[in-house]
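*Asks:* Dropping the sequence and predicted coords here.
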Amino acid sequence: MRAERILILTGAGISAESGVPTFRGPDGLWEGHRVEDVATPEAFARDPVLVQRFYDARRAHLGKVAPNPAHMALGRLDAAWPGDLLIVTQNVDDLHERGGARRLLHMHGELKSAWCTRCDRRHPWGGTLSDQPPCPGCGHRGALRPDIVWFGEMPYGMHHIYNALDRCDLFVAIGTSGHVYPAAGFVAEARAAGARCIEINLDPSMVSDQFHESRLGRAGDLVPKLVEELLQGC
Ligand code: APR
C-alpha cells in the first residue's frame with residue numbers, strides 16, 4: 001500500500017487483547033463503575049478518594065499487562081517508516097511506548113503521569129495518589145491528580161493533531177467505537193483533506209460509514225498485516 005504521511009488513531013480495542021478492559025463493554029460498566037462517575041471533574045470534586053483509588057488500581061494493573069502484537073507492529077512501523085507518522089492514542093496505558101512507538105501523542109493523558117493543580121507541573125508517576133503524596137515540584141500535599149483528560153476537559157495536542165490530519169494521506173483508526181468526540185470526528189477531517197481512511201475494529205464503529213475500508217477482526221491479527229502491507233509498499 002502506498003502512503004507518505006500517516007496518522008493512526010487508537011482506542012481501547014487495541015489494548016483489549018493485552019487484558020485492559022474497554023469502556024463500552026456489554027454491560028456498560030467499567031470495573032464496577034459508570035465512566036461518568038469516575039471520569040469527570042465533577043466526580044473528582046464530589047469524591048476524590050473514589051476517583052484516586054480507581055486510577056491507582058488502573059495504574060497498578062499496568063504492571064500486570066504487556067503489549068500485544070498490534071502494539072508491537074506499530075512500534076515496528078514507527079522505527080521503519082521513512083515518512084511522516086503520528087500515532088494518536090486515546091488510551092492512558094503505556095502499552096504503545098512499551099511496544100516501541102515513539103511518534104506518539106496521548107490525547108487523553110497518561111496513567112503514569114501526575115499533574116499538580118497547585119504548581120501546574122506534571123511528573124512521571126508509578127505509585128499511588130489516593131494517599132496524598134507531596135508534589136515533587138512544590139511539596140504541596142493533596143494537589144496531585146491523575147494526568148487524565150476527563151469528560152468536559154480539553155484533550156491534549158489538538159492543534160498538532162489537526163495539522164497532521166490536514167496533511168496525512170492515510171488515516172487509520174484502530175479499536176475505537178467512535179462514541180467520543182473530538183476523536184470520532186478525525187475521520188471526517190482526514191477524508192475531507194483527501195486521505196484514504198481505513199478502520200480496524202472488532203465491530204463496525206459509530207462512524208464506520210465514513211471510512212473507505214473497514215477491516216473487521218482482532219487488532220492483534222489485523223494490525224501486523226496492515227503494517228506489513230505498508231512496509232512492503234515503501
Ligand atoms: N480488536 C479490535 N477492536 C476491538 C477489540 C480487538 N481485540 N476489542 C474490542 N474492540 C473494539 C470494540 O468493538 C469497540 O468498538 O474497540 C472499541 C472500543 O470502544 P470503547 O470501549 O468505546 O473505547 P474508545 O473508543 O477508546 O473510547 C473512547 O471514551 O471513556 C472515554 O476517554 C475514554 O479514551 C476513551 C474514550
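*Replies:* Now that the structure is in, tell me what you want to look at. Residues are numbered from 1 along each chain as shown.

*Asks:* after the worst-scoring helix or strand of the chain on mean pLDDT, next one along is what?
*Replies:* For the chain, using mean pLDDT, DSSP states H and E, the weakest element among its helices and strands is helix 35-38, scoring a mean of 82. Proceeding N to C from helix 35-38, the next assigned helix or strand is helix 41-46, under DSSP states H and E.

*Asks:* So which bits of that next one are buried?
*Replies:* Within helix 41-46, the residues scored as buried using 16 or more other CB atoms under 10 Å are 43-44. Using the backbone N, CA and C atoms, a C-beta is placed for each residue, glycine as well.

*Asks:* Packing partners of it?
*Replies:* Using 3 or more CB pairs under 8 Å, 6 or more residues apart in numbering; DSSP states H and E, the elements in contact with helix 41-46 are helix 48-61.

*Asks:* Just give me how far the helix it packs on sits from the chain centre.
*Replies:* Using CA atoms, centre = their mean, to the nearest Å, we find the averaged C-alpha position of helix 48-61 to lie 18 Å away from the chain's own average C-alpha position.

*Asks:* ok, now which ones touch the spatially closest residue to T176 that is not a sequence neighbour?
*Replies:* Spatial nearest neighbour of T176, chain neighbours left out: G11 (2.7 Å); criterion: CB to CB, 6 or more residues apart in numbering. By CB atoms under 8 Å, 6 or more residues apart in numbering, the residues touching G11 are 22, 89-91, 173-177, 183.
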